[in-house]
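J.: Got a sequence here, can you model it:
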Amino acid sequence: MEYISSDTNVWIDFLTIDKINLPFLLPYVFLMNSDAIGNELVEP
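T.: Residues are numbered from 1 along each chain as shown. Sure thing, here's the model as predicted:
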């Protein structure tokens, strides 16, 4: 199992094109800092 650290820009892009499920089809575990989630996704 491989881990990938991602930023919110990637997730916002997938959400924008209505394809948020695509990254989860890959054999990776995605990691994201909880501060980034709060600062950028929850309150853009």
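J.: Output the below-cut-off pLDDT ranges for the chain.
T.: Along the chain, segments meeting pLDDT under 70 span 41-44.
J.: same thing but 90
T.: The model of the chain has pLDDT under 90 over residues 1, 4-12, 15, 30-44.
J.: tell me what the helix ranked longest in the chain is packed against?
T.: Counting residues, the longest helix in the chain under DSSP state H turns out to be helix 8-16. Packing partners of helix 8-16 (3 or more CB pairs under 8 Å, 6 or more residues apart in numbering; DSSP states H and E): none among the helices and strands. In this view, the C-beta of every residue, glycine as well, is placed from N, C-alpha and C.
J.: Quick check: buried residues in that helix?
T.: Going by neighbour count (16 or more other CB atoms under 10 Å), the buried part of helix 8-16 is 8, 11.
J.: For residue 36, which residues are in contact?
T.: Contacts for residue 36 were tallied using CB atoms under 8 Å, 6 or more residues apart in numbering; they are 7-8.
J.: got it, and residue 5?
T.: The contact partners of residue 5, by CB under 8 Å, 6+ apart, come to 30-32.
J.: let's see it at 10 Å
T.: By CB atoms under 10 Å, 6 or more residues apart in numbering, the contact list for residue 5 reads 30-33, 36.
J.: now, which of those residues lie within helices?
T.: residue 36.
J.: Just put the contacts of residue 5 in JSON lines and tack on distance to residue 22.
T.: Converted to JSON lines, the contacts of residue 5 look like this (distance: CB to CB, whole Å):
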{"residue": "30", "distance to residue 22": "12"}
{"residue": "31", "distance to residue 22": "18"}
{"residue": "32", "distance to residue 22": "16"}
{"residue": "33", "distance to residue 22": "22"}
{"residue": "36", "distance to residue 22": "20"}
